[in-house]
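> Based on what follows, work out the 3D shape:
(2 chains)
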Amino acid sequence: MSGLSMLRPGMIATCVKVALGALLLISVIACSSAAPAATTAPAQTMKETAPTAPASDAMAGSMKEDASGVIKVGVLHSLSGTMSISETAVKDATLLAIEEINASGGVLGKQIEPVIEDGASDWPTFAEKAKKLIQSDEVAVVFGGWTSASRKAMLPVFEANNGLLFYPVQYEGLETSPNIFYTGATTNQQIVPAVEYLLKEGNTKFYLLGSDYVFPRTSNLIINKQLKAAGLEAVGEEYTPLGHTEYSTVIAKIRSAEPDVVFNTLNGDSNVAFFKQLKDAGISPEDLTTVSVSVAEEEITGIGAENMVGHLVAWNYFQTTETPENTKFVSAFKTKYGENRVTDDPIEAGYFGVYIWAKAVEKAGSTDVAAVKEAAKGLQFQAPGGLVTVHDSNQHVAKTVRIGAVRDDGQIDEIWNSGSPVVPDPYLDTYDWASGLRESVQ
Amino acid sequence: MEVWALQLFNGLSLSSILLLIALGLALSFGLMNVINLAHGEFIMLGAYTVYALQQAAMALTGDVSSSVTFIMAIPLSFVVAGAVGMLVEAGLIRFLYQRPLDTLLATVGVGIFLQQLARSIFGAPNVQVVAPWWLTGGLELTDGLVLPIKRLFIIALVLVCIAGLYWYMYRSSEGRRTRAVMQNREMAASLGVSTRRVDNLTFALGSGLAGLAGCGLTLIGPIGPSLGTFYIVDAFIVVILGGLGQIPGTILAALIIGILNTVFEFGTTAVVGKVLVFAMVILFLQWRPNGLVRVRGR
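Numbers count the residues shown, from 1 in each chain, chains lettered A, B, ... in the order given. Below is the predicted model:
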């Protein structure tokens, strides 16, 4: 039966090698450049010194910005790997803003041309790609990053090459790089007011649950100080590895600690497991308040709204935020990417970051980093989530804080907001209880 | 007292999940010596099968959480993952049986390929599977002791899988041939057993069981392209601790790891608990490298 193949074993071996090689090649390509955004040649090595043959006309115009009438900007998010779950949507929002600005005449009379790179959920790759964007594509600015780890990896690259990064995600604060604009919230625009709100509501027993990395640990360090100032102490503090999916024991611990509120800094897929299992354990929001700071509309879709109804989240923007700018933004986003897509806080921050940069460039009359930074000081913009103002010195933005409850359709009903934009204070210098925080991290 | 009863249940529940993800691997890795690092992706295939079926039902009838859909999804996730497993075996693995290390490389490739395929078809964000009404809620024994129905369902699913696997291996003629090939390949072949067919079916069965695991895990965990990566390490640990080629060993290992992990985690933290369990497994394997249940060499 198998006589034919038995005759030529050598040939079969060759076939296998070829097939295997091909398969590996395919998977490497698939891995390194997510399908919708492959603007670079897949075989590109990690060395930034050798720009490969341009994969599209987009890259051919390097060095000739003025002649060709385009300004190149980098868009650097994870389009593959575990973080692509969140970051692809921010990339989409960034591209939407670029498209809108181009449609209304561009910047300084030139069209903006995005160069998209994939950070692949790998922090060294973020640093390499940032270097490549600055040095070989010579982009005027980069919009990108999500995890604090990716930002920390890119920071020295931007500082050494005097580049400019717009970082769109809420983070743990305690950082002010002269080459980074932070359009997401720092701690005093999300976590600190959320804890204040919970204290004011009469909660005294806090249980801190987070993923085991820099953002949750720093956040809880701050929360612990804040609780101490109020004469309280957390009744529990628990960290689980990123990607952890078994929460029955954690839930049993929460049950025995009998907290009033669980302050949730879990990130990524763990949230899905936690909320599904919390509901199955028979614990409802009426029994136990939870406040999440890394769960937005996009994540709720994956968790399942019915598993999260009534739980609280703290952000600066919800898709339901009622401003004329937001109505326009949501409908433009859905028109471009599909009716079933949702917008959320990092998506909004990724979107208005482009506008802030564009306004600063118009004001400066050039894309020069120093000039843009100078022009951005005090700049105001009516973002979908309300008025945002760039801070004079720390390059964060003042924005309104909002707390909301999840609805059964996965949208969020605002139940509290700060009334006016909160001035960013990344080192919490204006809070007495936070003294020593700046020193403790440096 | 209640807490300990609940923790015992949580331990059993974790054991059942570990066993569910490890059973398929016990076949491909334990019996066939294929280091199948794409096992997690077969779990993902099963999970996405449930999602796709629910979306199709949604489009046709407008009812996303129908009981019929979910019950249909259980065998379908087995069939879909099993069919893909069959293809992978026929197209790739069968060329590599003499080279276990190459199966490792090749299946890593298959895994990345399947992940990216899922990402292209279903998108990068997590998707949601709606559980039918009879799986929601919990069985309330006392005020503090609530057993989630979904976890009871997963325990039942594992028991069905074990029973099915036992029947297949010890009561069917296919299973007899499988055991013959695993015990002595050359002898079985010379007695007229088609080893090709046995290899193909066994790998497909292992993949199918992974698909079933994916179906069960949609109830309690996230459903996204990289879902498999969360479970693959645990699955290998269980199979290695159990002893290669030993389904009873796999069952025992899942029970021990599940319960120890829960106890340690309750006493310490999630991270430390896991470290303790891994450390104990490593120490145990130093003492008995062949795992809990030893195969007699001949």
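> Just the pLDDT at residue 200, thanks.
In the absence of a named chain, chain A is used. A:Lys200 carries a pLDDT value of 95.
> that's the other chain; I wanted chain B
At B:Asn200, pLDDT is 93.
> what's the burial count for it?
Neighbour count for B:Asn200, taken as other CB atoms under 10 Å in any protein chain shown: 18. Where C-beta positions appear, they are placed from N, C-alpha and C, glycine not excepted.
> excluding its backbone neighbours, what's nearest it?
B:Glu89 (5.2 Å; CB to CB, 6 or more residues apart in numbering or on different chains).
> what residues are up against the one you found?
With contact taken as CB atoms under 8 Å, 6 or more residues apart in numbering or on different chains, B:Glu89 is in contact with B:199-200, B:203-204.
> Quick check: it vs B:Gln246, distance?
22 Å (CB to CB, to the nearest Å).
> just B:Pro225 next, same as before
Distance from B:Pro225 to B:Gln246, by CB to CB: 32 Å.
> Who has more neighbours out of the two?
A direct count of neighbours by other CB under 10 Å for B:Pro225 and B:Gln246 places B:Pro225 higher, at 28 against 21.
> Can you tell me the SS state at the residue nearest to A:Pro285 when sequence neighbours are not counted?
Leaving aside its sequence neighbours, A:Pro285 sits nearest to A:Gly310 (CB to CB, 6+ apart; 3.4 Å). Here A:Gly310 takes the coil state, with states given by DSSP: H, G, I helix; E, B strand; the rest coil.
> Could you report the neighbour count for the residue of chain B found nearest chain A?
Taking CB to the nearest CB, chain A has its nearest neighbour within chain B at B:Asn126, 2.6 Å off. A count of nearby residues for B:Asn126, using other CB under 10 Å, gives 26.
> Was I right to think it contacts A:Thr301?
Yes: applying CB atoms under 8 Å, one finds B:Asn126 in contact with A:Thr301, separated by 7.2 Å.
> number of nearby residues for A:Lys228?
Neighbourhood size, A:Lys228 [other CB under 10 Å]: 12.
> Spit out the contact partners of it.
A:Trp433.
> Contacts for stretch B:154-161, please.
In contact with stretch B:154-161 (CB under 8 Å, 6+ apart) are residues B:12-13, B:16-17, B:19-20, B:23, B:74, B:209, B:212, B:216, B:219-220.
> nearest to B:Thr136, of those?
Closest approach to B:Thr136 among those (CB to CB): B:Leu219, at 9.5 Å.
> Disregarding residues adjacent in the polypeptide, which is nearest to the closest one?
In space, B:Leu219 is closest to B:Lys150, 4.3 Å off (CB to CB, 6+ apart).
> The one you found in helix, strand or coil?
The three-state label given to B:Lys150 by three-state DSSP is helix.
> mind listing what it touches?
By CB under 8 Å, 6+ apart, the residues touching B:Lys150 are A:280, B:131, B:135-136, B:219-220.
> Mind telling me the two of those residues farthest from one another?
With distances taken as CB to CB, the most widely separated pair in the contacts of B:Lys150 is B:Thr136 and B:Ile220, at 11.9 Å.
> Between the two, which is the more surrounded one?
B:Ile220 (23 against 17).
> how near is that one to B:Leu20?
Distance of B:Ile220 to B:Leu20, computed by CB to CB: 11 Å.
> related to what we said a few turns ago, show me the contacts of B:Lys150 that map onto strands.
Among those, no member is found in strands (DSSP state E).
> Can you lay out these as CSV showing distance to A:Ala153 and pLDDT?
Formatted as CSV, those follow (distance: CB to CB, whole Å; pLDDT from 0 to 100):
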residue, distance to A:Ala153, pLDDT
A:Asp280, 38, 88
B:Ala131, 39, 88
B:Leu135, 42, 88
B:Thr136, 42, 84
B:Leu219, 37, 92
B:Ile220, 33, 91
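> Which of these sits closest to A:Lys328?
Of those, the one sitting nearest to A:Lys328 (CB to CB) turns out to be B:Ala131, at 37.3 Å.
> now the contacts of B:Lys150 as CSV including distance to B:Ile237?
What follows is the contacts of B:Lys150, written out as CSV (distance: CB to CB, whole Å):
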residue, distance to B:Ile237
A:Asp280, 25
B:Ala131, 28
B:Leu135, 28
B:Thr136, 31
B:Leu219, 23
B:Ile220, 20
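> of all these, which comes closest to A:Tyr167?
B:Ile220 (33.8 Å).
> got a list of what the closest one touches?
For B:Ile220, the contacting residues are A:245, A:273, A:276-277, A:280, B:17, B:150-151, B:154, by CB under 8 Å, 6+ apart.
> follow-up on the earlier one: mutual contacts of B:Thr136 and B:Ile220, please.
With CB under 8 Å, 6+ apart, B:Thr136 and B:Ile220 have common neighbours A:280, B:150.
> Could you list the buried residues of stretch B:39-58?
For stretch B:39-58, burial by neighbour count (16 or more other CB atoms under 10 Å in any protein chain shown) applies to B:39-54, B:57.
> and A:Asp413, that one's in a strand?
Yes: judged by three-state DSSP, A:Asp413 forms part of a strand.
> which residues of the stretch 51-200 of chain A score low on pLDDT?
Filtered on pLDDT under 70, the stretch 51-200 of chain A yields the residue ranges A:51-68.
> Tell me which residue in it sits closest to chain B.
A:Ser84 (4.1 Å).
> which one is that residue nearest to, not counting chain neighbours?
B:Ala124 (4.1 Å).
> Mind pulling up the pLDDT for that neighbour?
So B:Ala124 comes in at 79 (pLDDT).
> residues touching it, list them.
A:34, A:79, A:84-85, A:88, B:224-225.
> What does it show for phi and psi?
Phi and psi for B:Ala124, reported as degrees, to the nearest 10, are phi -70, psi -40.
> Contacts made by the lowest-mean-pLDDT helix or strand in chain B with the rest, please.
Least confident helix or strand of chain B, by mean pLDDT, DSSP states H and E, is strand B:138-140 with a mean of 84. Strand B:138-140 is contacted by residues A:280-282, B:146-149, B:152 when judged by CB under 8 Å, 6+ apart.
> Walking through the stretch 101-250 of chain A, point out its strands one by one.
With strands called from DSSP state E, counting those that start in this stretch, the stretch 101-250 of chain A shows them at A:111-118, A:142-144, A:165-167, A:180-182, A:206-211, A:236-240.
> For B:Val3, find the nearest of those strands.
Nearest to B:Val3, of the strands of the stretch 101-250 of chain A and by CB to CB, is strand A:236-240 at 14.1 Å.
> what about the closest one and chain B, any contact?
Yes: counting by CB under 8 Å from any CB of the partner chain, chain B has neighbours in strand A:236-240: A:238-240.
> Serialize those residues to JSON lines and add fields for pLDDT and neighbour count.
Shown next, in JSON lines, are the residues of strand A:236-240 next to chain B (pLDDT from 0 to 100; neighbours: other CB atoms under 10 Å in any protein chain shown):
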{"residue": "A:Glu238", "pLDDT": "94", "neighbour count": "22"}
{"residue": "A:Tyr239", "pLDDT": "94", "neighbour count": "22"}
{"residue": "A:Thr240", "pLDDT": "92", "neighbour count": "26"}
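> closest to chain B among the residues you listed?
A:Thr240 (4.1 Å).
> give me the beta-bridge partners of that closest one?
On the basis of DSSP bridges, A:Thr240 is bridged to A:Ser211.
> Hmm, it is touching A:Thr265, no?
No: proximity of A:Thr240 to A:Thr265 does not meet the contact threshold set by CB under 8 Å, at 10.7 Å.
> Right, I'll call it a day here.
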